[in-house]
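Q: The sequence isn't on hand, but the structure is:
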């Protein structure tokens, strides 16, 4: 949990989501399926696909894909399903293959027969839930990369993730080499002031945590508000482990985790995801920045893989005039078009705004960036976004309490741009292509072949394959050794030891941010610690690698002493993409002036 990884090290994950959020669902049931329930689940999902998918589906192709998925779920042997169409291609006589034309009842019977044959005849015992999940996976993979099935446990996790809170002690953690390490306590949580970054939780309620899993950590540390849990902690600089009793509370997981001033005029807002509270969080953030004198805004959507459509609309609403179109969706028929417009007076309007995006910005992030770009409200900078223009609706499943996320519409920016990238059945290639342009530093390669639209001010914007930035900002590239160092956790361990070894650290973070510099001797000590841990000679770091490590050590010290927000401030202070974005405020100001003049002429 949290935003610990620097922007240049993040990758887009396969859970990109733009969802239509229904009423709160009932508590999911356990996902233990007998054969009858498993088949009922498959049939229910098939029916929902036929009735609700964004476009009419080839029913036989869906059946073939489900049976391919069934075969793929079998663990042993080279199993193969040949569809009637494939058998014709191999020379079988069509007259011998009545399956080329099956009505709805016969299709259902075919699925059931295949399920039962595999259950009875396959050499190894495979549970009904495994067979059903294979069929569902195959069926949905034939549609698009974003329609998906969640079992009850994954469904419950998703509800919690988008609700924006949970009950527990409030820490970011990771399990490394079987050890439970505190990355940072959440500011304001019960753990804040009791635990700190780098702590090793060695026992929970007197039971050793050696070999613990992520799931076990959440099971043991989460619990009802007001309940208590005792943890034993090993900390650098303390001669022996000590015990801490922590009273659990409701923990808010903010989707707008970082809000601060970059200077006397510029405010910075980072939106990490679009959850139930994102709109209200952004409203408070903008009010806070205005009270501090901000009249410029850097809105950072890098690495934000999306979330709730309603919250994308609410975020954009802060910048638009009432009545302006934010986004519209279209489903299977022309009558399914639905428009989303701004409904309130703008909170941040006519002020210079720069929006940062990258390959990991998707879905709801692209709705916000696309609307602000189409309406000449912001300068979009960074790299081309992921390119997800499909909307999933949630269908709670009667059969087992799981959830179907099914693509029911495509979304379009105010000018009518479709952002969705082309896709095929190769899902790995699809997600890889979203983060790997042929030439990410060449603007022309990003725009080649794209349909051109013109804003009211005559600026060109492009459709297909994501949001193309107005200004391309190249990300820093780091060597494999640097990425390995970051991923290993060695920096976090070193910073914890470093802070524990001294007691003369600055008490004021602002002074630390402005004045503290990591000394060469500290860099050398870190390199030496890598050699010791690896059992070899210390690695030789290039000047660029040493500079990276210098910044990471400073950020790690800030995290141990003050927490995650201050760690992030150090990262942003040294983020070259942010530095470039700040230099774009004069262009953003000129864009705001041009829009104001154009509106004056219209009015």
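A: It's in. Because the structure is predicted, anything quoted here is derived from the model rather than measured. Numbering: from 1, shown residues only.

Q: CA atoms for contacts and neighbours, from now on please.
A: Noted.

Q: Can you spell out the domain ranges of the chain, please?
A: 32-150, 165-252, 258-475, 480-579 (automatic domain parsing).

Q: which stretch among the ones you listed comes nearest residue 595?
A: Of all the domains of the chain, domain 258-475 sits nearest to residue 595, with 6.6 Å by C-alpha to C-alpha.

Q: The residue nearest to residue 411 when sequence neighbours are not counted in helix, strand or coil?
A: Once flanking residues are discounted, residue 411 sits nearest to residue 329: 4.2 Å by C-alpha to C-alpha, 6 or more residues apart in numbering. Assigned with DSSP: H, G, I helix; E, B strand; the rest coil, residue 329 falls in the strand class.

Q: Can you report how many residues lie near residue 329?
A: 20 (other C-alpha atoms under 10 Å).

Q: Identify the bridge partners of it.
A: Assessed by DSSP bridges, residue 329 has beta-bridge partners residue 338, residue 411.

Q: from the domains of the chain, which stretch is densest packed?
A: A comparison of the domains of the chain by mean neighbour count, using mean count of other C-alpha atoms under 10 Å, puts domain 258-475 on top with a mean of 21.

Q: Which of the helices or strands spans residue 233?
A: strand 228-234 (DSSP states H and E).

Q: can I get the domains of the chain in a markdown table with distance to residue 595 and mean pLDDT?
A: As requested, the domains of the chain are arranged in a markdown table below (distance: least, C-alpha to C-alpha, whole Å; pLDDT from 0 to 100):
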| stretch | distance to residue 595 | mean pLDDT |
| --- | --- | --- |
| domain 32-150 | 36 | 84 |
| domain 165-252 | 38 | 89 |
| domain 258-475 | 7 | 89 |
| domain 480-579 | 25 | 86 |
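
Q: if we compare the ones you listed, which one ends up closest to residue 596?
A: Ranking those by proximity to residue 596 (C-alpha to C-alpha) places domain 258-475 first, at 7.1 Å.

Q: start to end distance for that closest one?
A: 21 Å (C-alpha to C-alpha, to the nearest Å).

Q: How far does the strand holding residue 233 sit from its chain's centre?
A: Relative to its parent chain, strand 228-234 has a centroid offset of 31 Å by C-alpha atoms, centre = their mean, to the nearest Å.

Q: Given it, what are its sheet partners and their directions?
A: Partners of strand 228-234 in its sheet, by DSSP bridges: strand 200-204 (antiparallel), strand 242-247 (antiparallel).

Q: Which one of the ones you listed lies nearest to residue 153?
A: Nearest to residue 153, of the strands paired with strand 228-234 and by C-alpha to C-alpha, is strand 200-204 at 24.0 Å.

Q: following that closest one, which helix or strand shows up next?
A: Next element after strand 200-204 (DSSP H and E): strand 207-208.

Q: neighbouring contacts of the very next helix or strand once past that next one?
A: For strand 207-208, the following helix or strand on the C-terminal side (DSSP H and E) is helix 214-221. Residues from elsewhere that reach helix 214-221 (C-alpha atoms under 8 Å, 6 or more residues apart in numbering): 168-169, 174-175, 204, 229.

Q: Kindly reformat those residues as CSV containing distance to residue 586.
A: Below are the contacts of helix 214-221 laid out as CSV (distance: C-alpha to C-alpha, whole Å):
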residue, distance to residue 586
168, 45
169, 45
174, 42
175, 45
204, 54
229, 53
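
Q: that older thread, Throw the strands paired with strand 228-234 into JSON lines and include distance to residue 505, thanks.
A: Conversion of the strands paired with strand 228-234 to JSON lines gives the following (distance: least, C-alpha to C-alpha, whole Å):
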{"stretch": "strand 200-204", "distance to residue 505": "22"}
{"stretch": "strand 242-247", "distance to residue 505": "23"}
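
Q: between those strands, which one is nearest to residue 479?
A: Proximity to residue 479, assessed across the strands paired with strand 228-234 by C-alpha to C-alpha, is greatest for strand 200-204 (29.5 Å).

Q: quick one: terminal-to-terminal distance for stretch 415-429?
A: This stretch, stretch 415-429, spans 29 Å end to end (C-alpha to C-alpha).

Q: List of residues touching that stretch?
A: Under the criterion C-alpha under 8 Å, 6+ apart, residues 141-142, 144-145, 366, 374, 387-390, 410-412, 430, 453, 455, 462-467 lie in contact with stretch 415-429.

Q: where does that stretch sit relative to the chain's centre, distance-wise?
A: That offset, for stretch 415-429, works out to 18 Å (C-alpha atoms, centre = their mean).

Q: picking up where we left off before, identify whichever of the strands paired with strand 228-234 lies nearest to residue 36.
A: Among the strands paired with strand 228-234, strand 200-204 comes nearest to residue 36, with 41.3 Å by C-alpha to C-alpha.

Q: The helix or strand where residue 286 lies: what's the following helix or strand?
A: Per DSSP H and E, residue 286 falls inside helix 278-291. The helix or strand immediately downstream of helix 278-291 is strand 296-300, counting by DSSP H and E.
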